[in-house]
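**Student:** Any chance you could fold what I've pasted below:
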Amino acid sequence: MTNENEQITRIELNGKEIILIGTAHVSKQSAELVKKIIENEQPDTVCIELDKQRYDSIVEGNKWKDTDIFQIIKEKKASLLLMNLAISSFQKRMAAQFDIKPGQEMIQGIESANEIGAELVLADRNIQITFSRIWGNIGMKGKMMLLTQVLAGVFSKESITEEELEKMKTQDAIDSVLSEFTESFPKLKTPLIDERDQYLAEKIKRAPGEKIVAVLGAAHVPGIKQELHKDHNLQTLTKVPPKSKAPKVIGWVIPFAIIGLIAYTFVTNPMAGWQQIMSWLLWNGGFSALGAIIALGHPLAILTAFIAAPITSLNPLMAAGWFAGFVQALVKKPHVSDFEALADDVHTLKGFWSNKVTRILLIIILANLGSSIGTIVAGTDILRVFFNNL
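**Tutor:** Residues are numbered from 1 along each chain as shown. Coordinates of the predicted model:
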């Protein structure tokens, strides 16, 4: 193994020559270096630190913006869209402040591979799998902190200092957005950095040809140099951790308890039973509808939240916000222009509420939050009536 300079590492492994280029994701010089190395070395394969989704967003440009919002909701990609918004907002601020284009070195790697006829390998793990493995390791408190940090990143107007920029030159977009979060949860380094080092190393080793150039974020190079000499199971690294059964059990216990309390009260005192039913309907539906109102939802979406919440709160497999969001998307379907405006709109609260895409996300989140609050309030009132009639 030899280091020509701080950015280039050559490794001889199993009859292959592997050239690792440690790039700065927000540096123009890195893109120039990638172009130079690939043209000079003429490798059989070029590996880049992208997965299929991020690759598609680069080479197909605005194609993802044509995606029907119904498909995003149906495929449960709302959280991924929110993370993409955070990363997009963060990168747009960098581009505006420092006149740079994040990820330019990966684009250059793609273009240079095509120019010399080299095979292109997408070597990074699927971003959704990485987020899923992070999500399963942080608990309820961590999930709330993560969502808060993501939203804070979307709305932040703070300028990025030169010192922060230099630090980001050794991180990729995912690492940059979650860097502060990993300080609070050190164990997240495993799915975010270590596992990706292992995955990247295995994909590079398996790449076809005798000469391979890998375009990587500088932060991953030290780990990959070690992991290249080990064998890794890609199936294990891409396995989504099973969800905890506790939330599911609690999710079913609460509705059964509510139904049981109402049924018992109804048998002993029908008038009190009707009072409990009305409390459940009004509090649950009312708070969910209020959430949709705050999100400036269409009247039909607000009505849907009101009707759906008392029912969905008794079934953990459903959520009022999803129904309200579907109705909002149906009557106020986003156009391509709404997706195109996302990068600009998410910088302000006004833009976040006015854009048809983000308004749907707000309706989903706030209607669900309202339904949860309504469940607590109505449940407390049902218990009060129950004990008053013992």
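**Student:** So which residues of the chain form strands?
**Tutor:** Secondary structure of the chain (DSSP state E): strands at 2-3, 8-13, 16-23, 45-48, 119-122, 211-217.
**Student:** For stretch 232-245, buried residues please.
**Tutor:** His232, Leu237 (16 or more other Cβ atoms under 10 Å). Heads up, the C-betas are built off the backbone N, CA and C, glycines and all.
**Student:** Hmm, Thr130 and Gln241 touching each other?
**Tutor:** One thing to correct before we go on: residue 241 is Pro, not Gln. No. Using Cβ atoms under 8 Å, Pro241 is not in contact with Thr130, being 11.8 Å away.
**Student:** what's the neighbour count on Leu317?
**Tutor:** Per other Cβ atoms under 10 Å, the neighbour tally for Leu317 reads 8.
**Student:** returning to that earlier point: of all the strands of the chain, which lies closest to Phe306?
**Tutor:** Phe306 sits nearest to strand 119-122 of all the strands of the chain, at 45.5 Å, using Cβ to Cβ.
**Student:** Make a markdown table from the strands of the chain and add mean neighbour count to it.
**Tutor:** Formatted as a markdown table, the strands of the chain follow (neighbours: other Cβ atoms under 10 Å):
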| stretch | mean neighbour count |
| --- | --- |
| strand 2-3 | 10 |
| strand 8-13 | 15 |
| strand 16-23 | 23 |
| strand 45-48 | 27 |
| strand 119-122 | 17 |
| strand 211-217 | 26 |
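**Student:** With mean pLDDT and distance to Pro299 added, can I get the ones you listed in a markdown table?
**Tutor:** What follows is the strands of the chain, written out as a markdown table (pLDDT from 0 to 100; distance: least, Cβ to Cβ, whole Å):
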| stretch | mean pLDDT | distance to Pro299 |
| --- | --- | --- |
| strand 2-3 | 52 | 65 |
| strand 8-13 | 93 | 61 |
| strand 16-23 | 93 | 51 |
| strand 45-48 | 97 | 48 |
| strand 119-122 | 96 | 45 |
| strand 211-217 | 94 | 48 |
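**Student:** okay, the ones you listed in CSV with distance to Leu300 next?
**Tutor:** Putting these into CSV (distance: least, Cβ to Cβ, whole Å) gives the following:
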stretch, distance to Leu300
strand 2-3, 63
strand 8-13, 59
strand 16-23, 49
strand 45-48, 45
strand 119-122, 42
strand 211-217, 46
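**Student:** nearest to Lys205, of these?
**Tutor:** Shortest distance between Lys205 and these, using Cβ to Cβ, is found for strand 8-13: 6.9 Å.
**Student:** For the stretch 1-150 of the chain, just list every one of the helices.
**Tutor:** Secondary structure of the stretch 1-150 of the chain by DSSP state H, counting those that start in this stretch: the helices cover 28-41, 52-59, 69-74, 78-98, 104-116, 127-135, 139-155.
**Student:** so the first one versus strand 16-23, what angle?
**Tutor:** The reference is to helix 28-41. Going by axes from the mean of the first three to the mean of the last three Cα atoms, to 10 degrees, helix 28-41 is angled at 160 degrees with respect to strand 16-23.
**Student:** Which residues outside helix 28-41 are in contact with it?
**Tutor:** Applying Cβ atoms under 8 Å, 6 or more residues apart in numbering, the external contacts of helix 28-41 come out as 7-8, 19, 21, 23-24, 46, 100, 104-105, 107-109, 111-113, 115-116, 118, 211, 213, 215.
**Student:** Give me the contacts around stretch 290-308.
**Tutor:** 285-286, 288-289, 318, 320-321, 323-325, 327-328, 331-332, 353, 359, 362-363, 365-371.
**Student:** in the longest helix along the chain, what's buried?
**Tutor:** If you go by DSSP state H, the chain has its longest helix at helix 356-388. Under the neighbour-count criterion of 16+ other Cβ under 10 Å, helix 356-388 has 356-375, 377-379, 381-382, 385-386 buried.
**Student:** In contact with Gly209: list those residues for me.
**Tutor:** Lys16, Pro43, Asp44, Thr45, Ala118, Glu119.
**Student:** brain fart, Ala123
**Tutor:** Going by Cβ under 8 Å, 6+ apart, Ala123 touches Cys47, Ile48, Glu49, Leu50, Tyr199, Leu200, Lys203, Ile204, Ala207, Ala214.
**Student:** which phi and psi does the third one have?
**Tutor:** When read as degrees, to the nearest 10, the backbone of Glu49 gives phi -80, psi 70.
**Student:** can you pull the pLDDT of it?
**Tutor:** On the pLDDT scale, Glu49 is placed at 92.
**Student:** same question, the fifth one
**Tutor:** Among the per-residue scores, Tyr199 holds a pLDDT of 96.
**Student:** Quickly note the distance from it to Ile224.
**Tutor:** From Tyr199 across to Ile224, the span is 10 Å (Cβ to Cβ, to the nearest Å).
**Student:** before we move on, what about the fourth one?
**Tutor:** Shown here: Leu50 relative to Ile224, a distance of 15 Å by Cβ to Cβ.
**Student:** can you check the third one too?
**Tutor:** Separation of Glu49 from Ile224 (Cβ to Cβ) stands at 10 Å.
**Student:** shared neighbours of those two, anything?
**Tutor:** Common neighbours of Glu49 and Ile224, using Cβ under 8 Å, 6+ apart, are Leu200, Ala214, Leu216.
**Student:** Just name the closest of those to Thr265, please.
**Tutor:** Nearest member of the shared contacts of Glu49 and Ile224 to Thr265, counting by Cβ to Cβ, is Leu200, at 59.9 Å.
**Student:** That closest one against Glu49, yeah?
**Tutor:** Yes. With contact defined as Cβ under 8 Å, Leu200 and Glu49 form a contacting pair (6.6 Å).
**Student:** which neighbours do the two share?
**Tutor:** Taking Cβ under 8 Å, 6+ apart as the contact rule, Leu200 and Glu49 both touch Ala123, Asp124, Ala214, Leu216, His220.
**Student:** and these as a markdown table, adding distance to Asn269?
**Tutor:** Converted to a markdown table, those look like this (distance: Cβ to Cβ, whole Å):
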| residue | distance to Asn269 |
| --- | --- |
| Ala123 | 67 |
| Asp124 | 62 |
| Ala214 | 73 |
| Leu216 | 70 |
| His220 | 66 |
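**Student:** No further questions, thank you.
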